[in-house]
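A.B. asks: below are the sequence and a predicted model; questions follow.
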Amino acid sequence: METLPFSKNALHVVIDMQRLFAEETEWHTPAIAAILPNVMKLTRAKPSDTVFARFVVPQNADAAKGAWKNYYRRWSSVTLDAIDPAMLGLVAPLAAIAHERSIIDKQTYSIFGSEGFSERLRAAGIDTLIFSGIETDVCVYASVLDAVDEGYRVILAADALASSNAQAHDVVLGTLVPRLSEQIEILSTETIVKLWQA
């Protein structure tokens, strides 16, 4: 099936490209270094049409809500009681070009859990979301499923996505996403840039 050009209302959504995952923490995702050049290519293609999600952790497990308390008891080493808040920042190359308004903090896996995000998209007339970042099988996939439910055209930049679990990454791109082939497209960074700038 031929890939259609993107509309003028496409938005690039960068998920969790943060120091928290790039540096030596319990959530270290080494593959972030490999995809960073492609995330940068996508960002530089349309910097004003790019937003950056940041996964924001609580002060401690008791400050989390519901079952997240159990989660952060398991991952207490990445709560704000244990890490420098600066670790929540974007990795240096992205931090240097991201405007404050383009940064969206979330306390959930999905960026759609961020208050006002859906309304922001509707107000801007966005109809297409291009996803890059980490982790393919957690925050990216959660965001993608919400985007599908909201009716957006969803594009995954295959070579600009990564996970700390390579097998889970492969399952998402090779097995789960193809089940929704009418709603999710998997493209390379090069193809996305060409279509976006056409």
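C.D. replies: Okay, I see it.

A.B. asks: top strand in the protein by residue count?
C.D. replies: Counting residues, the longest strand found in the chain (DSSP state E) is strand 153-162.

A.B. asks: run the chain-centre distance for stretch 120-139.
C.D. replies: 7 Å (Cα atoms, centre = their mean, to the nearest Å).

A.B. asks: typed the wrong thing, it's stretch 53-68
C.D. replies: Relative to its chain's centre, stretch 53-68 lies at 18 Å (Cα atoms, centre = their mean).

A.B. asks: ok, stretch 135-154 next?
C.D. replies: Mean-position distance between stretch 135-154 and its chain equals 9 Å (Cα atoms, centre = their mean).

A.B. asks: what's the answer for stretch 97-104, then?
C.D. replies: Remark: stretch 97-104 is offset 14 Å from the chain centroid, using Cα atoms, centre = their mean.

A.B. asks: now swap in stretch 35-48 and tell me
C.D. replies: Centroid separation between stretch 35-48 and its chain, computed with Cα atoms, centre = their mean, is 13 Å.

A.B. asks: again with stretch 155-169
C.D. replies: That offset, for stretch 155-169, works out to 11 Å (Cα atoms, centre = their mean).

A.B. asks: what are the buried residues along it?
C.D. replies: Buried positions in stretch 155-169, judged by neighbour count with 16 or more other Cβ atoms under 10 Å: 155-165, 168-169. Glycine gets a C-beta too; all of them are placed from N, C-alpha and C.

A.B. asks: pLDDT (mean, whole number) over stretch 10-29?
C.D. replies: On average, the pLDDT along stretch 10-29 is 97.

A.B. asks: first vs last residue of that stretch, how far apart are they?
C.D. replies: For stretch 10-29, the first-to-last residue distance is 28 Å (Cα to Cα, to the nearest Å).

A.B. asks: now do stretch 97-115
C.D. replies: Using Cα to Cα, the end-to-end distance of stretch 97-115 comes out at 24 Å.

A.B. asks: done for today, thanks.
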